[in-house]
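Enquirer: 3D model of this:
(one chain, ligands or ions: 2)
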Amino acid sequence: MTSEVGGDLLSLRGVGKNFGGIWVLRDVDLEVRKGEILGLVGENGSGKSTLVKILTGYHTPDSGSIHMGGEELDLPVRQPQELGISVIHQDLGLVESMTVAENLGISSSYGARVLGPVRTREEEKLCRSLLAAFGVDVDIHQQVSTLEPAVRSAVAIARSIRVLRGSSEHNLLILDEPTAYLGHEDSLRVRRLMRSAADNGAGVIFISHHLDEVTESCDTIAVLRDGRLIDTFGVEGVVRDDVITAMLGRSLERFYPEPRDNQRERLLSFKGVAGGQTKNFTLDLHAGEVVGVTGIVGSGFQEVPYLLAGILESTAGSVELDGKDILGLDPKELLRRGVAVVPGNRQRDGVWLEGTAQENLSLLRLKKFFRWPTLRIRDEAADAKALMEQFGVRPLDPSRRMDSFSGGNQQKMVMAKWLSTGPRVMLLDEPTQGVDAGARRDILDIVAAAADAGSAVAIFSADVEQLSEMCDRVVVMAGGGVAAVLPSTEATQPRILSAAHGGV
Ligand SMILES: Nc1ncnc2c1ncn2[C@@H]1O[C@H](COP(=O)(O)OP(=O)(O)OP(=O)(O)O)[C@@H](O)[C@H]1O
Ligand SMILES: [Mg+2]
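Expert: Residues are numbered from 1 along each chain as shown. Ligands and ions are numbered 1, 2, ... in the order given. Just a heads-up that it's a prediction; the model follows:
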């Protein structure tokens, strides 16, 4: 006989985790039922990913117990998939060089070679139907590296569900910020997939800093603050402000800085820039303004900063600064001229994970701290600490390795590193990805202050709400070109989305 402890699927009792004397999770009680989607929210560093890593056995909890389907688990959790626990990490965990079918595990799931052809065909059919059930039409022999973000998410989710289905009657699907890199439509798609998993009896834990997504898509919301589970509530009637107040322990007056009306001289001109999916991008950026650039996936908006910085190859056009064409100069050279191209996707481009916070923060300004024959470490440390304070990085310890900071805190330091160079022009690719609501406001305030002080800022982002609320102009791209330029008074979310889809 097994005894039911709380929820019929997953139950945590008094779970805690201590890193080097600091409790990053304390006494967490949490339940997830079959068919339920639980939204797990909290500020950067509040312990969300640590909780996930305890459930997958990556970390051993220092206190508490975990029950799955009424049975107490041995800790650390071993072979989570066999227990019915499957996680989709933020990077999705797909193998780029393999096909969809291989990632879905077809080739590994038939043992005897003789059975190969028949089993393979059956397996293929199963995988196709699984993807089709999620509304995804993709050639399963296509290589994953060629897929769009939304399709990748679908493959990653299909894979976990496929693994889960075979393994246990108790299925728990965990998604740690799966929508951080997706646009509006694709995020909707992932959330539909999630719901269909729940409808099939799985319990789901969904982690996101997009609180609208959480209130729209979840049944229950659990709030972590400083490692403690502060509150759990049903989603009925809950508004975003309630969630924020629970998360931060205070309310947030406005989520975004106000747009400004402060446009001065022209600093930078994109003229007919083309390359990749971008066919013709033309835009003047002026001192004192914050311009948003957006569109749907494939419209080209995500590529523009990388075309300028020579990371993607441009095929036509020019970018003028001080009467010179700077299109395709490398990021260091651009920075020397006062143009910062700040990359998104912190895992890929932005962070030296093995370095300390201090080393990362001074990387672009080493000259400042270098006095023959040594690096003035103490100056560097004081400078790093001041920057970390300004950007609200936690914990405030410059000597800590980057990979021991939470994802959102790493992103704050990417921003701090670039903004500390005092650029005249900033092109920011998704500057607040993975950052919590409070910290997002802090980062955007700093961006706005830079514009007020005379910088020209362009934010390239799929976060339509953010652009609509704070930008002085929003440029909407469609089909590789500029479809609309909306002044802040007209840049409502419906207008932006409509222009992105080819409307007016
Ligand atoms: N390996 C580690 N060693 C020491 N401290 C760690 C380690 N991993 C995480 N931490 C600390 O634990 C705390 C919780 O981190 P966690 O990654 O769980 O936060 P999170 O809620 O997922 O944040 P985010 O929203 O930014 O992803 C943070 O203070 C982090 O610095
Ligand atoms: Mg995290």
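Enquirer: how about the residues of the stretch 301-450 of the chain near ligand 1?
Expert: Proximity of the stretch 301-450 of the chain to ligand 1 (C-beta under 6 Å from any ligand atom) is limited to residues Pro395, Ser404, Phe405, Ser406, Gly407, Gly408, Asn409. The C-beta positions use only the backbone N, C-alpha and C, and glycine is treated the same way.
Enquirer: in helices, which of those appear?
Expert: Using DSSP state H, Gly407, Gly408, Asn409 are the members of these that sit in helices.
Enquirer: give me phi/psi at the closest residue to ligand 2 within the chain?
Expert: Per C-beta to the ion, Ser49 is where the chain lies closest to ligand 2, at 3.2 Å. Main-chain torsions, Ser49, degrees, to the nearest 10: phi -70, psi -30.
Enquirer: correct me if wrong: it contacts Ser406.
Expert: Yes. Ser49 lies in contact with Ser406 (C-beta atoms under 8 Å); the separation is 6.7 Å.
Enquirer: hey, what's in contact with both of these two?
Expert: Both Ser49 and Ser406 lack any common contact, where contact means C-beta atoms under 8 Å, 6 or more residues apart in numbering.
Enquirer: in stretch 301-313, what counts as buried?
Expert: Within stretch 301-313, the residues that count as buried by 16 or more other C-beta atoms under 10 Å are Phe301, Gln302, Glu303, Val304, Pro305, Tyr306, Leu307, Leu308, Ala309, Gly310, Leu312.
Enquirer: thinking again about what came up before, can you convert the ones in helices among the residues of the stretch 301-450 of the chain next to ligand 1 into a markdown table and add a column each for neighbour count and pLDDT?
Expert: Formatted as a markdown table, those follow (neighbours: other C-beta atoms under 10 Å; pLDDT from 0 to 100):
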| residue | neighbour count | pLDDT |
| --- | --- | --- |
| Gly407 | 21 | 80 |
| Gly408 | 27 | 83 |
| Asn409 | 25 | 90 |
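Enquirer: quick check: of these, which lies closest to Arg336?
Expert: Using C-beta to C-beta, Asn409 is the member of these that sits closest to Arg336, with 28.6 Å.
Enquirer: ok so, going back, which ones among the buried residues of stretch 301-313 are found in helices?
Expert: Val304, Pro305, Tyr306, Leu307, Leu308.
Enquirer: which one of those residues is nearest to Ile157?
Expert: Out of these, the member with the shortest distance to Ile157 (by C-beta to C-beta) is Tyr306, at 27.7 Å.
Enquirer: was I right about that closest one contacting Ser314?
Expert: No. Tyr306 is beyond contact range of Ser314, at 9.5 Å (criterion: C-beta under 8 Å).
Enquirer: in the protein, what helix or strand scores lowest on average pLDDT?
Expert: The weakest-scoring helix or strand in the chain, judged by mean pLDDT, DSSP states H and E, is helix 106-109 (a mean of 50).
Enquirer: how far off centre is whichever helix or strand comes after it?
Expert: Counting by DSSP states H and E, the next helix or strand C-terminal to helix 106-109 is helix 116-133. Relative to the centre of its chain, helix 116-133 is centred 31 Å away, using C-alpha atoms, centre = their mean, to the nearest Å.
Enquirer: quick one: list the elements packing against helix 116-133.
Expert: Contact here means 3 or more C-beta pairs under 8 Å, 6 or more residues apart in numbering; DSSP states H and E; on that basis helix 116-133 packs against helix 100-103, helix 106-109, helix 149-167.
Enquirer: give the rounded mean pLDDT of it.
Expert: Average pLDDT, helix 116-133: 71.
Enquirer: now that helix: buried residues?
Expert: Here helix 116-133 shows Glu123, Cys127, Arg128, Leu130, Leu131 as buried, counting by 16+ other C-beta under 10 Å.
Enquirer: can you narrow those residues to ones near ligand 1?
Expert: Counting by C-beta under 6 Å from any ligand atom, no member of the buried residues of helix 116-133 reaches ligand 1.
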